[in-house]
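**Q** Return a 3D structure for these sequence lines:
(one chain, ligands or ions: 1)
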Amino acid sequence: MTRRLGVLISGRGSNLQSLIDAIASGRLDATIAVVISNQADALGLERARAAGIESLVVSHRGWSSREAYDRTLARELQSRDVGLVCLAGFMRIVGASLVDAYPNAILNIHPALLPSFPGVDAQRQAIDHGVKISGVTVHLVTRDLDAGPIVLQRAVPVLDDDTEAALAARIIEQEHLAYPEAVGIVLDGAWRVEGRRFVRL
Ligand code: GRF
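**A** Coordinates of the predicted model:
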């Protein structure tokens, strides 16, 4: 796997920023080869520009199928020699063409302790369910939504008077630590997947 990252975003891009910052400070040995957004107005695109990183908008609209869209994403990534794809608030389900182009080489960050609360509004789900602990999960992306092998997790408390925003703020702080760390672990390559377990060697 090359140490060249492709980061896929849809919005704010604060996790993208955590990767940019970790690389700039030498905590993460990697290069962001390209940032791709499916939304033209994503704030993360500004972050990429400010850091001098190539960015592209590839809208998900107007394709004949999800696979056609995903094939295009895979081509854009492969043509830049991307070795590891990082989904960072990319609000699209990744289809087979992209997963198969990057087997065990796509990471996602999710704001809950999977397998609890997959999908959207994970922080809301955690509050509504009444769990006392939630957190963040970084996992490999497989064809099953939010269900790939877990690289790492970090826990945060859920407080009785938490709003969704308060919990999200507590979780995102941990996300910004977890994502660069997980990317480093995966790039270093001392791991294998056993069944659905990500095991470090
Ligand atoms: C994060 O909470 C991430 O876990 C989820 O989407 C959010 C993206 O935030 N997948 P940002 O765009 O990285 O700021």
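**Q** Name the residues of the chain found near the ligand, please.
**A** With the criterion set to C-beta under 6 Å from any ligand atom, the chain comes near the ligand through 9, 11-15, 88-89, 109-111, 172, 175. Placement of C-beta: from N, CA and C, glycine included.
**Q** What are the boundaries of the strands in the chain?
**A** 4-9, 31-37, 55-57, 84-87, 106-110, 133-140, 150-157, 191-194, 197-200 (DSSP state E).
**Q** follow-up on the earlier one: now the buried members of the residues of the chain next to the ligand.
**A** Ile9, Gly11, Gly13, Ser14, Asn15, Ala88, Gly89, Ile109, His110, Pro111, Ile172, Glu175 (16 or more other C-beta atoms under 10 Å).
**Q** The last one: what's its closest spatial neighbour, skipping adjacent residues?
**A** The spatially closest residue to Glu175, leaving aside those adjacent along the chain, is Val136, at 4.8 Å (C-beta to C-beta, 6 or more residues apart in numbering).
**Q** Now do the same contact list for that neighbour.
**A** Ile109, His110, Pro111, Ala112, Leu113, Gln153, Arg154, Val156, Ile171, Gln174, Glu175, Ala178 (C-beta atoms under 8 Å, 6 or more residues apart in numbering).
**Q** Going by distance to Ala74, which of the residues you listed wins?
**A** Set against Ala74, the nearest of those by C-beta to C-beta is Ile109 (20.2 Å).
**Q** what sits against that closest one?
**A** Here Ile109 is in contact with Asn15, Cys86, Leu87, Ala88, Gly89, Val136, Thr137, Val138, Glu175, Ala178, Tyr179, Ala182 (C-beta under 8 Å, 6+ apart).
**Q** please redo it, this time with the cut-off set to 10 Å
**A** Shown in contact with Ile109 (C-beta atoms under 10 Å, 6 or more residues apart in numbering): 15, 18, 86-90, 136-139, 151, 172, 175-176, 178-179, 182-183.
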